[in-house]
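Q: Below: sequence and its predicted model.
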Amino acid sequence: MRQPVLFVSHGAPVLILGDTPARAFLAGLDLGAPRAVLVVSAHWETADPTVSDAAAPETIHDFRGFPAPLYAMIHPAPGAPAVAAEVAAALAAAGLAVAMEPRGLDHGAWIPMKLIDPDARIPVLQLSILAGQGAAAHHRLGAALVGLRDAGVLILGSGSLTHNLGELFAGGLDLDRPAEPWAVAFADWMADRVVANDVDALVEYRVRAPHGARAHPSEEHLVPLHVALGAAAGDPGRRIHASHEYGALHMDAYRFG
């Protein structure tokens with residue numbers, strides 16, 4: 001059976017320690033029993049697409065200044081070297097230069113997966129995003145992965161529906177701060193365009209969405225959604241979670257297929 005494609009917002013690392021709607025959503029998300037989960041995280045950027053082929057990926061604590069309990073957490077999921085080889089082959093068949101390395105799981109991967117699969121039973125591997133390349137390049141990257149869905153691989157983009165840290169800090173670190181109107185307008189526009197399967201508008205979000213560049217001064221936290229959109233191959237998409245934190249951080253999630 002063809003696996004769905006998902007995009008989730010992973011938020012700040014403290015998400016896993018808190019009690020928020022986004023945390024509850026991830027903790028209740030049922031992925032079924034995929035052969036493996038291929039995570040495309042905002043926190044691994046390379047020049048060319050790179051696939052992690054670690055047999056037992058380490059948990060990478062790629063953040064500083066957070067509460068001590070975070071640094072004691074691990075997500076000891078098995079890797080999936082055979083699936084990594086299939087991912088690399090699919091990318092190469094699409095004409096993309098591809099590399100492999102035995103990298104561990106960054107927090108964009110292990111935090112949502114630890115909430116979704118606390119017993120670490122589902123094999124997990126990662127695919128990098130492309131440094132300095134925008135939505136169109138990531139849509140093409142996702143399109144190269146469609147066949148993996150028929151081979152039991154669930155593709156999970158992990159980023160943030162909005163990600164403007166300047167706006168977040170300027171408003172103060174109040175988790176319950178009311179949602180910023182500009183962020184709501186952007187999030188609702190994205191949801192409408194996903195449901196309409198308006199790929200052109202989504203790829204051109206920086207100029208067509210309200211507050212597109214304000215929502216993402218840099219693009220690394222949204223391009224995982226464009227990978228998911230490419231891998232969806234036209235399958236219907238819908239918003240399956242909507243919430244906000246710190247006023248400016250929208251934690252929306254999407255499912256395709």
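A: Cool, the structure landed. Since the structure is predicted, the reported quantities are computational estimates derived from the model, not experimental observations.
Q: And the closest residue to residue 115 other than its chain neighbours, which helix or strand is it part of?
A: Spatial nearest neighbour of residue 115, chain neighbours left out: residue 26 (4.0 Å); criterion: Cβ to Cβ, 6 or more residues apart in numbering. The C-beta positions use only the backbone N, C-alpha and C, and glycine is treated the same way. In this assignment (DSSP states H and E), residue 26 forms part of helix 21-27.
Q: any idea of the mean pLDDT for that helix?
A: Across helix 21-27, pLDDT averages out at 98.
Q: helices and strands around that helix, which ones?
A: In terms of contacts (3 or more Cβ pairs under 8 Å, 6 or more residues apart in numbering; DSSP states H and E), helix 21-27 is packed against helix 107-116, strand 237-241.
Q: Compare these and report which one is nearest to residue 147.
A: When these are ranked by proximity to residue 147, the top entry is strand 237-241, at 19.1 Å, counting by Cβ to Cβ.
Q: Would you mark the buried spots in the helix or strand encompassing residue 38?
A: Element membership for residue 38 (DSSP H and E) is strand 36-46. For strand 36-46, the neighbour count (16 or more other Cβ atoms under 10 Å) marks 36, 37, 38, 39, 40, 41, 42, 43, 44 as buried.
Q: What of stretch 102-111?
A: Going by 16+ other Cβ under 10 Å, stretch 102-111 has these buried residues: 103, 104, 105, 106, 107, 108, 109, 110, 111.
Q: what about residue 176, how many residues close to it?
A: 9 (other Cβ atoms under 10 Å).
Q: got the phi/psi numbers for it?
A: Phi and psi for residue 176, reported as degrees, to the nearest 10, are phi -100, psi 10.
Q: in the protein, which spans are helices?
A: Listed in chain order, the helices of the chain (DSSP state H) span 21-27, 68-72, 81-93, 107-116, 135-143, 146-149, 165-170, 181-195, 199-203, 205-208, 212-215, 223-232.
Q: Enumerate every residue touching residue 208.
A: residue 201 (Cβ atoms under 8 Å, 6 or more residues apart in numbering).
Q: run the last query once more with 10 Å
A: 189, 193, 198, 200, 201, 202 (Cβ atoms under 10 Å, 6 or more residues apart in numbering).
Q: what's the pLDDT at it?
A: 98.
Q: distance of it from residue 110?
A: According to Cβ to Cβ, to the nearest Å, residue 208 and residue 110 sit 34 Å apart.
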